[in-house]
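**Student:** I'd like to go over a predicted model; first the sequence, then the structure.
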Amino acid sequence: MPEVGGGSSAEPMIELRDVVKHYRTRGRGVVHAIDGVSLTVGHGEILGLVGESGCGKSTTARLLTALEQPTSGRITVAGRDVAGARGSGLRELRRTVQMVFQDPYASLDPRQRIGDAIGEVLRVHGLAGGKEDVRREVTRLLELVGLLPGIADRFPHQLSGGQRQRVGIARALAVRPQVLVLDEPVSALDVSVRAEIINLLARLRDELTLTYVFISHDLAMVRHLADRVAVMYLGQVVEEGPWEAVSDSATHPYTEALQAAVPVADPELERSRRTGSVRGEVPDAARPPAGCRFNPRCPLAEDVCREVAPELLPLGAAHRYACHVRQRERAGAPSGRGVS
Amino acid sequence: MTVPSAGGHPLLSVRDVHVEVRSRGGALEILRGVDLAVDRGETLAVVGESGSGKSFTALTVAGLLPDGATVTSGAVELGGVDLLRLRESQRRAVRGGEIGMVYQDSMTSLNPVMRIGRQVAEALTAHGWSRADARARTVEVLGEVGLPSPERLVRLYPHQLSGGMRQRVLIACAIAPRPKVLIADEPTTALDVTIQQQILELVTGLRDEYGLAVVWITHDLGVVARIADRVAVMYAGRVVEHGATRPLYRAPAHPYTDGLLRSIPTEADAHQQPLPQIGGTPVSVAELPPGCPFGPRCPQHRAMCDEEEPPLLDRAQSRAACWVPREEWTSSVPRAVAGA
């Protein structure tokens, strides 16, 4: 596998190498949630992870936060082996990587005041001792995410959706992590508050030099916020590269299908767009198709696609994609075409 | 109040509808004078955030308001007949017969222990169809919504279908009695984007083929841009802007519509730079400010806005409930501080 991507520093912040995660289930057999994923994310980089249900993006999030162990493969975060972590190493790792969820309401105790919800995290990790200490740190965290200190005395139901998501981010930041895994952080919010949360996340990344894995189905938000984008389908990465390359010069037919499927808020553009949906639905991950997993739905599929799984090959500097047809077209095409 | 529409006398018109919800705390006005119109072969999108009243508007038109909610004034006219003045038995004949409705969650809307065929057929026999006619129409309508081998499908149960297929079955139930109006309340929100695309194409196709009037309730301004001929933007229990989709998107006449459209990232927004945000939090109808409900969040706010709530006024491209014409807008930053 060619070594591409990553940030400026030599050691990546996150590295996944040939990661496989299979679940044994009753009735359905073995579910291939992730099948051979290799990705790197540099220090301070934002990786956008996109794909539909069953693509493996949520499993990737659970593996990165050590909530689950991979079936095989290697995962390192900040130079630490995630797969082997236990005891104090695991605690250290959980402090390095924090998760922000789609619905902050679900992760907050309705009877606990916001100040106590954040203070609890500080005490559990031994980051603040006395009452005054905790109070001061809670105020600092609330201000960091753009909330007034008075929010500490309120209960979750007294906050708006946007305020609750800010609290969710403050809680994740309480342990001073290096990596945030953001699982659809704005999808549950009203449209009018999404931009401010995205703006907040962009500011925090710069101020605190955080590394993000930003999971979203909102391609416009991913294009705006991510440095790099990885597109997943049925447990595999099908295309990956710098945001401009993947967003504006998509090469894999699935990336193209995804982009065509997502409606954009511009009626003029919508009218001029290519119509025609991708056929069918995502197959069962317990019985992934042979060859290229997208082949049953792909408009370009040929015999080879039904037999041989395509490799993720580089295109230009840091852009990779896995498609037999497009790879052959490029090989035969005049030089310079489509190079990112 | 007159209503903008494609023709002189629209098929369905909602005029100055007020709906009250009674609870222990007293009566709360959820809809505060809603005006809408939609004609044959036309899609009207009703856009709004949580608490805007968009779902209550759909339920009022369909005659499906929950217990405790009542229409206190206004008219819902279908082909010139005021549905609110009909007796309950007549209204029931209209609902489902002339107006079909599709909801968001296909799993809870279908009976899990009833075969698909019977569920569709019951939507017909409830409206006076004979069993034989209902059976024939069931097979026919399952084909119309693009489901493969309907004769086989009628014997299956909901859990044997994919999410996209279940949503198609729900649409089949809604259009089986050949209604004139189809009301869809966020029917694609829970679906993957490639499946959403298929459903949007299906409904647009049905609209064109059978001349259905479609009312599509959504928070997604991309979906609106793709499918809607006209759009009604709701805020705090009222329609605040109403007009043809393309001109309205090009030059919104309400600062709320303008703010929503600006907050969505496009290729024109500088990568990772702050997106324009509305600021503040969506207002609740339980605690409305004096004057215009959007006043506290509005970048175009003037002193007069606190005194009287603006009615829908004729503007260049639409009708908008804003005292300040777009030509007089200033490009100031929002007044409200996020999260404060």
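**Tutor:** Alright, I've got the coordinates. Numbering: from 1, shown residues only, chains lettered A, B, ... in the order given.
**Student:** Now do B:Ala6, the pLDDT please.
**Tutor:** On pLDDT, B:Ala6 comes in at 45.
**Student:** what does A:Gln102 give?
**Tutor:** With respect to pLDDT, A:Gln102 has a value of 88.
**Student:** for B:Met107, same thing?
**Tutor:** B:Met107 is given a pLDDT of 61.
**Student:** B:His9 now?
**Tutor:** For B:His9, the model assigns a pLDDT of 83.
**Student:** contacting residues for it?
**Tutor:** If you count contacts by C-beta atoms under 8 Å, 6 or more residues apart in numbering or on different chains, B:His9 has them with B:Gly80. C-beta coordinates here come from the backbone N, C-alpha and C atoms, glycine included.
**Student:** cool, and A:Gly119?
**Tutor:** The contact partners of A:Gly119, by C-beta under 8 Å, 6+ apart, come to A:128, A:134-135, A:137-138.
**Student:** Let's see that with 7 Å instead.
**Tutor:** A:134, A:138 (C-beta atoms under 7 Å, 6 or more residues apart in numbering or on different chains).
**Student:** in the chain, which spans are strands?
**Tutor:** The chain I'm using is chain A. A:14-25, A:29-41, A:46-50, A:72-77, A:80-81, A:97-100, A:179-183, A:211-215, A:228-233, A:236-242, A:313-315, A:319-321 (DSSP state E).
**Student:** could you do chain B instead?
**Tutor:** Assigned by DSSP E, the strands in chain B fall at B:12-23, B:26-38, B:43-47, B:69-78, B:81-82, B:99-102, B:181-185, B:213-218, B:230-235, B:238-244, B:313-314, B:319-320.
**Student:** residues making contact with the third one?
**Tutor:** The reference is to strand B:43-47. Contacts of strand B:43-47 (C-beta under 7 Å, 6+ apart): B:36, B:38, B:54, B:57, B:207, B:214-219, B:221, B:224, B:227-234.
**Student:** repeat that for 8 Å
**Tutor:** If you take C-beta under 8 Å, 6+ apart as the criterion, strand B:43-47 is touched by B:36-38, B:54, B:57-58, B:203-204, B:207, B:213-219, B:221, B:223-224, B:227-234, B:245, B:260.
**Student:** Likewise for the fifth one?
**Tutor:** Contacts with strand B:81-82, where a contact means C-beta under 8 Å, 6+ apart, come from B:75-76.
**Student:** For B:Pro10, which of the strands of chain A is the nearest?
**Tutor:** With C-beta to C-beta as the criterion, B:Pro10 lies closest to strand A:46-50 of these, at 40.4 Å.
**Student:** So, low pLDDT: which residues of the stretch 201-340 of chain B?
**Tutor:** For the stretch 201-340 of chain B, applying pLDDT under 70 flags the ranges B:332-340.
**Student:** Same question for the stretch 1-150 of chain B.
**Tutor:** Ranges of the stretch 1-150 of chain B meeting pLDDT under 70: B:1-8, B:105-108.
**Student:** How about the residues of it by chain A?
**Tutor:** B:49-50 (C-beta under 8 Å from any C-beta of the partner chain).
**Student:** re the thing from before, redo the strands of chain B as a markdown table? Include mean neighbour count.
**Tutor:** Converted to a markdown table, these look like this (neighbours: other C-beta atoms under 10 Å in any protein chain shown):
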| stretch | mean neighbour count |
| --- | --- |
| strand B:12-23 | 19 |
| strand B:26-38 | 20 |
| strand B:43-47 | 26 |
| strand B:69-78 | 17 |
| strand B:81-82 | 14 |
| strand B:99-102 | 25 |
| strand B:181-185 | 24 |
| strand B:213-218 | 25 |
| strand B:230-235 | 27 |
| strand B:238-244 | 24 |
| strand B:313-314 | 12 |
| strand B:319-320 | 26 |
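**Student:** need the helices for the stretch 101-250 of chain B, in chain order.
**Tutor:** B:106-109, B:116-125, B:131-144, B:150-153, B:163-175, B:193-210, B:221-227, B:245-250 (DSSP state H, counting those that start in this stretch).
**Student:** Which of the residues in the last one are classified as buried?
**Tutor:** What that stands for is helix B:245-250. For helix B:245-250, a neighbour-count test (16 or more other C-beta atoms under 10 Å in any protein chain shown) marks B:245-246, B:248-249 as buried.
**Student:** Within reach of chain A, which of those are there?
**Tutor:** Within the buried residues of helix B:245-250, those near chain A by C-beta under 8 Å from any C-beta are B:245-246, B:249.
**Student:** re the thing from before, which one of the buried residues of helix B:245-250 is nearest to A:Ala117?
**Tutor:** Nearest to A:Ala117 among the buried residues of helix B:245-250, with distances taken as C-beta to C-beta, is B:Tyr249, at 40.6 Å.
**Student:** Report how many residues lie close to the residue nearest to B:Ala251 when sequence neighbours are not counted.
**Tutor:** Nearest residue to B:Ala251, sequence neighbours excluded (C-beta to C-beta, 6 or more residues apart in numbering or on different chains): B:Gln317, at 5.2 Å. By other C-beta atoms under 10 Å in any protein chain shown, the residues close to B:Gln317 number 17.
**Student:** Please report phi then psi for B:Gln317.
**Tutor:** Taking degrees, to the nearest 10, you get phi -110, psi -10 for the backbone angles of B:Gln317.
**Student:** From what I see, it and B:Gly243 are in contact.
**Tutor:** Yes - under the criterion of C-beta atoms under 8 Å, B:Gln317 makes contact with B:Gly243 at 5.8 Å.
**Student:** Give me the common contacts of those two.
**Tutor:** Any residue near both B:Gln317 and B:Gly243 by C-beta under 8 Å, 6+ apart counts here, and that gives B:Ala253.
**Student:** who's the most centrally placed residue in chain A bridged to?
**Tutor:** Centroid check for chain A by C-alpha atoms, centre = their mean gives A:Ile215 as the closest residue, at 3.0 Å. On the basis of DSSP bridges, A:Ile215 takes part in beta bridges with A:Leu49, A:Asp183.
**Student:** Could you pick out the residues of the stretch 1-150 of chain A near chain B for me?
**Tutor:** Applying C-beta under 8 Å from any C-beta, we find that the stretch 1-150 of chain A lies next to chain B at A:52-53, A:145-148.
**Student:** Okay, the closest residue to A:Glu256 other than its chain neighbours and B:Pro282: tell me how far apart.
**Tutor:** Among residues not flanking A:Glu256 along the chain, A:Ala250 sits closest, at 5.1 Å (C-beta to C-beta, 6+ apart). Distance of A:Ala250 to B:Pro282, computed by C-beta to C-beta, to the nearest Å: 35 Å.
**Student:** Please apply the same query to A:Thr71.
**Tutor:** 44 Å.
**Student:** quick one: which of those two has more around it?
**Tutor:** Neighbour count, other C-beta under 10 Å: between A:Thr71 and B:Pro282, B:Pro282 has more, with 23 against 16.
**Student:** ok, now which ones touch the nearest residue to B:Leu28 once chain neighbours are set aside?
**Tutor:** Using C-beta to C-beta, 6+ apart and skipping residues adjacent in sequence, the residue nearest B:Leu28 is B:Val21, 5.1 Å away. Residues near B:Val21 by C-beta under 8 Å, 6+ apart: B:27-28, B:30, B:68-69.
**Student:** Same list (these) but as JSON lines, adding distance to A:Leu93.
**Tutor:** Output for the contacts of B:Val21, formatted as JSON lines (distance: C-beta to C-beta, whole Å):
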{"residue": "B:Ala27", "distance to A:Leu93": "54"}
{"residue": "B:Leu28", "distance to A:Leu93": "49"}
{"residue": "B:Ile30", "distance to A:Leu93": "48"}
{"residue": "B:Gly68", "distance to A:Leu93": "51"}
{"residue": "B:Ala69", "distance to A:Leu93": "51"}
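**Student:** of all these, which comes closest to B:Leu170?
**Tutor:** B:Ala69 (23.2 Å).
**Student:** Show me what the closest one is bridged to.
**Tutor:** Under the criterion DSSP bridges, B:Ala69 forms beta bridges with B:Val21.
**Student:** just checking, it touches B:His18?
**Tutor:** No - with contacts counted by C-beta under 8 Å, B:Ala69 stays clear of B:His18, the gap being 11.1 Å.
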